[in-house]
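*Asks:* got a predicted structure here, sequence first:
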Amino acid sequence: MARLTKTRKTNPTVLVIVEGETEQLYFSQLRGYERLAGITVIPKMAKRSSPYYVVKQAIEAINDEAYDMIWCVFDRDVLSNTKPAGFDEIYREAKRKDIRFAESLPCFEVWFLMHFVIPSKYYSNAHAVESELCQHIKGYCKETEWLRRSELYAILKQYQLTAISNSKTVSATNRKSPDPNATFSDVVTLIESILK
């Protein structure tokens, strides 16, 4: 008679490869603050701060069967100016391998800003977004120590439903009249995927 063995179902594991410390701290704080049940989120900073290397590292991680889903989080501002050679090819390859993307233009802080307002203009650079963000989060700055000390995720959490709504409004507007320079953030798709 064959012996029955119990198999333990493990939580789905989501790898979130990010471009910088701000994103890594945000997703680390999300993981700790939400105390996610039924899902394991692993934020990991790419070896080099560039969309190309974020996507490349995600493709390399596909071979590691420890992840059920892989997300790339990066800013599109550098791609608007000068796209690295080979980026389009590696991006298409990642999409074929079912890697998902949470991109922002010009920067990740657009997602933070959406917790308070619908971005009403095109922001030419990250500094412009950060300046407006300072009007809503007193003392906001990208310094690692401030980000750790401030518990940024906890500050933003109370406005999360507003951010989701604002992000969807921006996406709908951009679909109606596509503008390659329109300010946006797809981080909402990743957040909803983690929290559902």
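*Replies:* Cool, got the structure.
*Asks:* among the helices and strands of this protein, which has the poorest mean pLDDT?
*Replies:* helix 77-81 (a mean of 73; mean pLDDT, DSSP states H and E).
*Asks:* which helix or strand lies directly C-terminal to that helix?
*Replies:* helix 87-96 (DSSP states H and E).
*Asks:* tell me which residues in that next one are buried?
*Replies:* Neighbour-count burial for helix 87-96, counted by 16 or more other CB atoms under 10 Å, picks out 87, 90-91, 93-94. For the C-beta atoms, the positions are set from N, CA and C on the backbone; glycine is no exception.
*Asks:* tell me what it is packed against?
*Replies:* When contacts are defined as 3 or more CB pairs under 8 Å, 6 or more residues apart in numbering; DSSP states H and E, helix 87-96 sits against helix 51-62.
*Asks:* can you pull the contacts of residue 39?
*Replies:* 11-14, 194 (CB atoms under 8 Å, 6 or more residues apart in numbering).
*Asks:* report the central residue of the protein.
*Replies:* In the chain, the centroid-proximal residue (CA atoms, centre = their mean) is residue 73; its distance is 4.0 Å.
*Asks:* what about it, which SS state?
*Replies:* What DSSP: H, G, I helix; E, B strand; the rest coil gives for residue 73 is strand.
*Asks:* how far away is it from residue 48?
*Replies:* Taking CB to CB, to the nearest Å as the measure, residue 73 falls 15 Å from residue 48.
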